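Novice: the sequence isn't on hand, but the structure is:
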Ligand code: AOS
Ligand code: ZN
Ligand code: ZN
Ligand code: ZN
C-alpha cells in the first residue's frame, strides 16, 4: 500500500482542531448525531473497475499516467480509496475486461485491503477477438438463436467467475436496440430477451440476484429493448424473486422524476441497486452530485422512506455502486468526490423530519413540506462525514491527503507513465 496509516494519522492530527470546531457546530443542532455517524460508517459504495482508468469520448481517449493495467492494480486502487475514505470496500468487475486467472489468490489479495467483490458485469455490447457471432444487431434480443445462445453462455460464464470470487450478483446491461423505425419487431425483441434472461436466471445460485439495467437510448437511437424502468420491471417480475431493476441515474430522458421511480420500485420490492453518476444531457457519466445535488438528495429521501417502511438495512439491502467515467480528472480523485457527494445526500436525507413531513402532507401544507426537505438539504453535513471517517481511521480530508502525498506520482513511479486500464 502506497499510503501508510501513519500518514493518515499525521494528516488527521494536523486538521483535528479545525474539524472539531466544525463538527461541534453542526452536531449541536442535530439530535441523532451518533445514529447518523454509525450509519455513515456502515454505508459502502462499490467501485466499478472501469472507472479506475481515464474514460474516452466518442472521439478520442486521453489516458492519464499510472493507470492500473492489471486486475491486481485495480484492486490496489480501490484499496487505496478505501484507506482514504473508509467507504468503498468492494470492486465490481467486468468480463472480459477483468478475467480472473487465479480467483482464490485474487480474493486473498483483495482481502488484504479489506475489499470484496461486488456485482459482476457481463459484456454483450462489444465483439471480442475470436468471437463466433457478432453483436452488431444485439445479443439477448437477437433474431438469430445462435447469437442469443452465445450471449447466454457468456452470462453464465460471468456467473461462474463471480462464484469463484464470492460475488452474489450479476448485473446485465444490454445495448440491444434499433436505430431506425421498422428495423425491429418490438414484441419479438422483448420476448427473445425474456427467454434468454430466463436461461441465465436458471443458472443463478440461490443466494444471487440478477440486476436488470435499463437505458433510454445509446448506442442505438430509435429504440432500446430494455429502455425504461417499466420494461425492466416487467422482465424482473416475469423472471422471479431473484430478479430486480437497476437504476443508473444517467439512463433517463431529460427531466424524468427518478425519485418517483425509485419510490415505486421499492414499494414493489423490485429495486435492486444503483449506478450513481450525474448528467446534464444524457448518459454523461459525470461525478455524482456535480450537476443535480438536490435530485440526489430527493432520491435518498425516497430511498430512506421506502427502505425504512420495508425494514431494509440501508447499508446492505440494495446494491450501491458508482458508474462514472470521464476524461478530465484523475479517476481516483473523481471517485473520492463521487463517494463524498453520495454520502452527503444520504446524510442530509437522514436528517429529514419524517414525522413533521407526514403531518404536512396530511394537511396539504405544501409550504411546510418544502421547508422540511430544504431544511435538511441545506444543512452542511460534511463535518459528520469527516467525523465518521476519522472514527474508523480514514482521512479527514481524503482529496487533500491524496494531493499532499502525491499519490498519483507514486503510482506513476510504480506503474510507469504509459500504463492504460482496460475499459470503455
Ligand atoms: C452503460 O451505459 C451502462 O451504464 C453500464 O452499466 C456500464 O457502463 C457498462 O456495463 C460498463 O460495463
Ligand atoms: Zn450503468
Ligand atoms: Zn450508462
Ligand atoms: Zn452512465
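Specialist: Sure thing, it's come through. Since the structure is predicted, the reported quantities are computational estimates derived from the model, not experimental observations. Numbering: from 1, shown residues only. Ligands and ions are numbered 1, 2, ... in the order given.
Novice: how about residue 74, secondary structure?
Specialist: Under DSSP: H, G, I helix; E, B strand; the rest coil, residue 74 falls in the helix class.
Novice: wouldn't it be in contact with residue 98 here?
Specialist: Yes - applying C-beta atoms under 8 Å, one finds residue 74 in contact with residue 98, separated by 7.0 Å. C-beta coordinates here come from the backbone N, C-alpha and C atoms, glycine included.
Novice: now do the shared contacts for the two.
Specialist: Common neighbours of residue 74 and residue 98 (criterion: C-beta atoms under 8 Å, 6 or more residues apart in numbering): residue 49.
Novice: which ones are touching residue 346?
Specialist: 39, 40, 43, 300, 304, 314.
Novice: report pLDDT for it.
Specialist: Note for residue 346: predicted pLDDT of 98.
Novice: what strand or helix carries it?
Specialist: Under DSSP states H and E, the secondary-structure element containing residue 346 is helix 331-350.
Novice: quick check: nearest residue in space to residue 323, chain neighbours excluded?
Specialist: In space, and not counting its chain neighbours, residue 323 is closest to residue 275: 3.4 Å by C-beta to C-beta, 6 or more residues apart in numbering.
Novice: typed the wrong thing, it's residue 210
Specialist: Of all residues not flanking residue 210 in the chain, residue 243 sits nearest, at 4.6 Å (C-beta to C-beta, 6+ apart).
Novice: the one you found reaches residue 201, doesn't it?
Specialist: Yes - counting by C-beta under 8 Å, residue 243 does reach residue 201; the two are 6.3 Å apart.
Novice: got the contact list for the residue nearest the centre of the chain?
Specialist: For the chain, the residue nearest the mean C-alpha position is residue 321 (1.9 Å; C-alpha atoms, centre = their mean). Each residue near residue 321 by C-beta under 8 Å, 6+ apart is listed here: 45, 46, 47, 48, 92, 118, 119, 273, 274, 275, 276.
Novice: out of these, which comes closest to ligand 2?
Specialist: Closest to ligand 2 out of the contacts of residue 321 is residue 275 (3.6 Å), distances taken as C-beta to the ion.
Novice: figure out how far stretch 159-175 is from the centre of its chain.
Specialist: 15 Å (C-alpha atoms, centre = their mean, to the nearest Å).
Novice: hmm, that stretch touching ligand 1?
Specialist: Yes - using C-beta under 6 Å from any ligand atom, stretch 159-175 reaches ligand 1 at residue 173.
Novice: circling back: near ligand 4, which of the contacts of residue 321 show up?
Specialist: With the criterion set as C-beta under 5 Å from the ion, no member of the contacts of residue 321 is near ligand 4.
Novice: can you say which of these are buried?
Specialist: With burial judged by 16 or more other C-beta atoms under 10 Å, the buried subset of these is 45, 46, 47, 48, 92, 118, 119, 273, 274, 275, 276.
Novice: which of those residues sits closest to residue 184?
Specialist: residue 275 (25.3 Å; C-beta to C-beta).
Novice: where's the closest one, which helix or strand?
Specialist: Residue 275 belongs to strand 271-276 when assigned by DSSP H and E.
Novice: angle of that strand against helix 331-350?
Specialist: 130 degrees (axes from the mean of the first three to the mean of the last three C-alpha atoms, to 10 degrees).
Novice: picking up where we left off before, compare residue 243 and residue 201 (neighbour count), which wins?
Specialist: residue 243 (25 against 20; other C-beta atoms under 10 Å).
Novice: how about the contacts made by the more buried one?
Specialist: Counting by C-beta under 8 Å, 6+ apart, the residues that residue 243 touches are 197, 201, 209, 210, 212, 235, 236, 237, 272.
Novice: buried ones from the residues you listed, can you make that a ChimeraX selection?
Specialist: Buried members of the contacts of residue 243, defined by 16+ other C-beta under 10 Å, are picked up in ChimeraX with:
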select :197,201,209,210,212,235,236,272
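Novice: in strands only, show me the contacts of residue 243.
Specialist: Secondary structure defined by DSSP state E assigns 209, 210, 212, 272 of those to strands.
Novice: which two in the residues you listed are spaced the farthest apart?
Specialist: Between any two of the ones in strands among the contacts of residue 243, the greatest separation by C-beta to C-beta is 10.1 Å, found for 209 and 212.
Novice: so what sits against both of the two?
Specialist: Shared between the contact lists of residue 209 and residue 212 (criterion: C-beta under 8 Å, 6+ apart) are residues 243, 244, 272.
Novice: now, which of these sits nearest ligand 4?
Specialist: residue 272 (16.3 Å).
Novice: nearest spatial neighbour of the closest one, skipping sequence neighbours?
Specialist: residue 244 (2.7 Å).
Novice: low-confidence stretches in the stretch 251-400 of the chain?
Specialist: Within the stretch 251-400 of the chain, no stretch falls below the threshold (pLDDT under 70).
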